[in-house]
Every structure is written in structure tokens, then in C-alpha cells.
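# Mind looking at a prediction? Sequence and model below.
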Amino acid sequence: MAEAPHEAWITGIGIVSCLGEGPDAHWEALGSGEFKADATAYPPYFIHRIAPLDFDKQIPKKGDQRQMEPWQRIGTYAAGLALDAAGIKGNKEVLSHTDMIVAAGGGERDIAADTAILAGLPAASQPDAFLNERLMGDLRPTLFLAQLSNLLAGNISIVHGVTGSSRTFMGEESAGIDAVRIALSRINAGQSEIALVGGSYNSDRPDLVMLYQFGGFNLQDHFAPIWQRGANPGFALASLGAFLVIESRSHAEARGAKPIARLSAVVAGRSARKPGDVTSSLASLWGKLSSKLRPGTAVISGASGAAPATAEERTFLEQQKDIAVRATGTYLGHGFEPQFPMNVALAAIAVSRGTLFPPTDDSGLERTSDRPTTQVVVTGVGHWRGEGMALIEALP
């Protein structure tokens, strides 16, 4: 007879964004109705800049901070907050078997080096040789794209002493979904007792604004809440750090940890993205969770604002009856890899408090709810590829 799945608890949350740091700051900001999109850095495009952080609190050695790019500092800081919240910061015995699953991109470009190369190319007598020479001389040889994504996990291990197994997933929004999904699967199967899961993203980079505008994805000219961007679609890039400590119930109880919420299920898909595919994919994923859902289930959506994915997600949500929907991207912006872990964290905070934050717009999709919030489905729809859902539940 197969062993019953091990129950998974969320016991630590570490989150940083434009809204501040930690659960309380985020919850207060989500209830304020104040949007913090910045249009001054890269007009006419919007970004959500990270709130001021005292990195010394979680990364005490200046040498460690100096060798990290901003996205690594943000992630290492958020990971430290999660370990603190779970009560395992500095506990070598627990950290020695704490697994780590990180969702990360390919690192940050050296803008100064890029600019110098582009400036010198037109005047070079042998452009190919010039380019090769500058790339070899200006970039550290260890930092090529296949390795950069692993640096966040490495820095977390060095700074915080997390020395269990380590995995890093690349793939924008899908990486964040799969990081949480694999962590839950391993805990359910008894292959892992405790895991640190999450990622980080730094949006304050001109190369990213340029890159995503090549695809026509950036929100520009006029800021509006997520569901009200139909005539002016796009996302506002976000700087985010989000980490969760997820552990088996038995492991948490053995060390006297207080759970925040239960992580009950994570499902993922990858549709071809023909017209209507996102709606169909979400319906299929919802069907996999439906047997666990109760009346009054709420949805925290990771919708980015990008077309056509956001419109198709809205079509799916409008087909569901008796649910309260909230899109956090209105407040946070869109941070790709850590977006899903961030929204899982916010869902855990919601069920632990038994309530949702107020509607973020007047589109008609987001409505007030007078029911206690005991279940939240988190949706994650990639701007280009990948869909996922997680079910987070309150504990008695």
C-alpha cells in the first residue's frame, strides 16, 4: 500500500518589493490603494523599484555584497528573511539538510562593458577581432550565461549556510512555478523534509526595458490596474525577492515550528499559445484542483498585463462563479521568476489572516468578499509561455 503524501507547511516567508520588506509591510501597502509605479527612470515605460533595504542586516560582510549583482543581493536578503521567519537562521543542524530550489534568470549584463564595445565597434578596423578581444578582456571568464543563474543559490549557501541539495531553474515565470511545484512534490514523497524556495529579479536595468520593448511588452504612457489595461496592454517591470520555507508537517512539529499556511497542491502546464489556449490551459489546471475547492475560494492572480495572456486569463476567471479575485501585479509590477513564489507568499499571508486585501480596481472582476478567506488559488500565467496554479489553505 502506497504511503500517504506528507503534508507540506509554509513556515517562513521572506519578501521584498517596491512595497517594502516582510509580510506586514506588504499587507499594509496592499490595503492602502496606493500604486508605486515609477515613470521617471525610463520614460515612457514604468518600473516598480525595490524599496530601500539595509543589506547589512542579512548580508553582513561588505565583501559578499560587493561581489553580488543587485538581483543576487535582493534574493540573498529575501532568503535571509525567510530563514529568520522560520526560526532556522544560523541553525547549522537544520540548514545542513535544508534543500534549496531557486528560480533565476541569466544574470545581469555589464552595461558599461556593453556600451564601450558598441561605441568602439564602428571605428574598429577589424570588428570581429575587436569584439572577440573585448569580450575576452572585459568580462570575467567564469560568468557566462550558462552559469550566472546558479550564483544566487551559491551566495545564499555562502551567506546563510544552507547546505542541503541545490537546484536552480531557468525559464522566466515557469521557473518560479516549477520551483514551488518540485519542492512540494519532494516533500509529499518524503524525499525532502525542508526546503528554501524562491527567486529574485532586478528591474532597474535599461537593457531589460529595451529587451522587452522589442517584443512590445512594456506598459507605457499611462498607468492603469492590471484588468484595466485592455486598450494599453503591457507589464511594468518589478524588482522582487521572494523566498518560502516549506517543510513537512512532521519536521515542523518536531522542531516546534508554527505554520503560516498549508501548501496543498501545485499544478503546471505549457500551452502552445494559440488563441484561447491560456483560457483552456487554466480550465484544465483548475479541474485538477476542483475536488479540493470549497465555496468561497479566492484567487490571487499573477497576471502581468501583457496581451493576449492577461485577457485570456480574465476570460477564464469570469467563467468561475462565486470567487473573489485579486491581481497583485497592479501593486508589485511583474518580476518573472519570483512572481509565483511572491504570490504564494501573499496567499499564505491572506489565509493566515482570514481575509483578502481590498479590490485593486473597478473593472468589475475584483469584488469585495464577506466570507473568511481560508483557501486561495494562486494563478501564474507567463507573458509568453507557461501556466500554473497553487492551492494554499488555512490551518486550524
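Okay, I see it. The structure presented is a predicted model; accordingly, all values stated were derived computationally and were not measured.
# Any regions of this protein where pLDDT drops low?
Across the chain, the ranges flagged by pLDDT under 70 are 1-3, 140-147.
# quick one: the strands in it?
Taking DSSP state E, the strands of the chain run over residues 8-17, 20-21, 38-42, 45-48, 99-103, 166-169, 194-201, 237-238, 240-248, 261-269, 298-301, 324-327, 375-381, 387-393.
# possible to save the ones you listed as CSV with mean neighbour count and distance to Gln213?
(Each C-beta comes from the backbone N, C-alpha and C, glycine too.) What follows is the strands of the chain, written out as CSV (neighbours: other Cβ atoms under 10 Å; distance: least, Cβ to Cβ, whole Å):
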stretch, mean neighbour count, distance to Gln213
strand 8-17, 27, 22
strand 20-21, 20, 28
strand 38-42, 16, 9
strand 45-48, 26, 7
strand 99-103, 28, 23
strand 166-169, 18, 26
strand 194-201, 31, 17
strand 237-238, 30, 10
strand 240-248, 31, 20
strand 261-269, 22, 28
strand 298-301, 25, 24
strand 324-327, 25, 22
strand 375-381, 26, 20
strand 387-393, 26, 24
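# Report the central residue of this protein.
Here the mean C-alpha position of the chain is nearest to the C-alpha of Pro338 (Cα atoms, centre = their mean), at a distance of 1.7 Å.
# May I have the beta-bridge partners of the closest residue to that one other than its chain neighbours?
Counting by Cβ to Cβ, 6 or more residues apart in numbering, the nearest residue to Pro338 once its immediate chain neighbours are dropped is Gly199, at 3.9 Å. Using DSSP bridges, the bridge partners assigned to Gly199 are Ala103, Ala242.
# Quickly note the distance from Gly199 to Ala268.
Between Gly199 and Ala268 the distance is 15 Å, computed by Cβ to Cβ, to the nearest Å.
# cool, Lys89 as well?
Distance of Lys89 to Ala268, given as Cβ to Cβ: 30 Å.
# do Thr168 as well
Look at Thr168 and Ala268: by Cβ to Cβ, they are 17 Å apart.
# Look at Ile111 and say how many residues are nearby.
The tally of other residues near Ile111 (other Cβ atoms under 10 Å) stands at 11.
# hang on, I meant Trp27
Using other Cβ under 10 Å, the number of residues around Trp27 comes to 18.
# List the contacts of it.
Trp27 makes contact with Ile349, Arg353, Phe357 under the criterion Cβ atoms under 8 Å, 6 or more residues apart in numbering.
# who wins for neighbours among the residues you listed?
Taking other Cβ under 10 Å to define a neighbour, the member of these with the most is Ile349, carrying 25 neighbours.
# which non-adjacent residue is nearest that residue?
The spatial neighbour of Ile349 that comes closest, neighbours along the chain excluded (Cβ to Cβ, 6+ apart), is Pro23 at 4.9 Å.
# List the residues that contact that neighbour.
Contacts of Pro23 (Cβ under 8 Å, 6+ apart): Ile13, Ile15, Ala345, Ile349.
# Can you lay out those as CSV showing distance to Leu211?
Below are these laid out as CSV (distance: Cβ to Cβ, whole Å):
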residue, distance to Leu211
Ile13, 30
Ile15, 25
Ala345, 27
Ile349, 32
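# Restricting to C-alpha, output stretch 236-243 in CSV.
Coordinates of the C-alpha atoms in stretch 236-243 are reproduced here as CSV (Å, rounded to 0.1, in the frame of the first residue of the first chain):
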residue,chain,number,x,y,z
ALA,A,236,5.6,47.2,-15.5
LEU,A,237,8.9,45.5,-14.7
ALA,A,238,9.3,44.8,-11.0
SER,A,239,12.2,44.3,-8.6
LEU,A,240,11.2,41.4,-6.3
GLY,A,241,12.7,39.0,-3.9
ALA,A,242,10.5,36.2,-2.6
PHE,A,243,11.5,33.1,-0.6
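# Next, the buried residues of stretch 285-297.
Leu285, Trp286, Leu289, Thr297 (16 or more other Cβ atoms under 10 Å).
# between the residues you listed, which is closest to Arg371?
Nearest to Arg371 among the buried residues of stretch 285-297: Thr297, at 9.4 Å, using Cβ to Cβ.
# list the contacts for the residue nearest to that closest one when sequence neighbours are not counted?
In this structure, Thr297 finds its nearest non-sequential neighbour in Gln375, 4.5 Å apart by Cβ to Cβ, 6+ apart. By Cβ under 8 Å, 6+ apart, the contact list for Gln375 reads Leu293, Arg294, Gly296, Thr297, Ala298, Val351, Leu391, Ile392, Glu393, Ala394.
# how about a cut-off of 7 Å?
Listed by Cβ atoms under 7 Å, 6 or more residues apart in numbering, the contact partners of Gln375 are Leu293, Arg294, Thr297, Ala298, Val351, Leu391, Glu393.
# Farthest pair within the residues you listed?
Considering Cβ to Cβ, no two members of the contacts of Gln375 lie farther apart than Leu293 and Val351, which are separated by 13.4 Å.
# what's stretch 348-362 in contact with?
By Cβ under 7 Å, 6+ apart, the list of residues contacting stretch 348-362 from outside reads 10, 13, 23, 27, 30-31, 33, 225, 227-228, 260-261, 298, 324, 326-327, 330-331, 366-369, 372-376, 392-394.
# let's see it at 6 Å
Contact with stretch 348-362 is made by 10, 23, 27, 30-31, 225, 227-228, 260-261, 298, 324, 326, 330, 366, 372-374, 376, 392, 394, as judged by Cβ atoms under 6 Å, 6 or more residues apart in numbering.
# Can you name the residues bridging to Leu237?
When bridges are assigned using DSSP bridges, the partners listed for Leu237 are Ile47, His334.
# And it, how far from Gln339?
11 Å.
# With Cys18 instead?
Applying Cβ to Cβ, the value for Cys18 to Gln339 is 13 Å.
# So which of those two has more stuff around it?
Relative neighbour count places Gln339 above the other of Cys18 and Gln339, with 33 against 22, counting by other Cβ under 10 Å.
# out of everything not next to it in sequence, what's closest to that one?
Using Cβ to Cβ, 6+ apart and skipping the chain neighbours, the partner closest in space to Gln339 is Gly302 (5.0 Å).
# now swap in Val278 and tell me
For Val278, the nearest residue in space outside its immediate sequence neighbours is Glu312; the separation is 3.6 Å by Cβ to Cβ, 6+ apart.
# Understood, closing this out.
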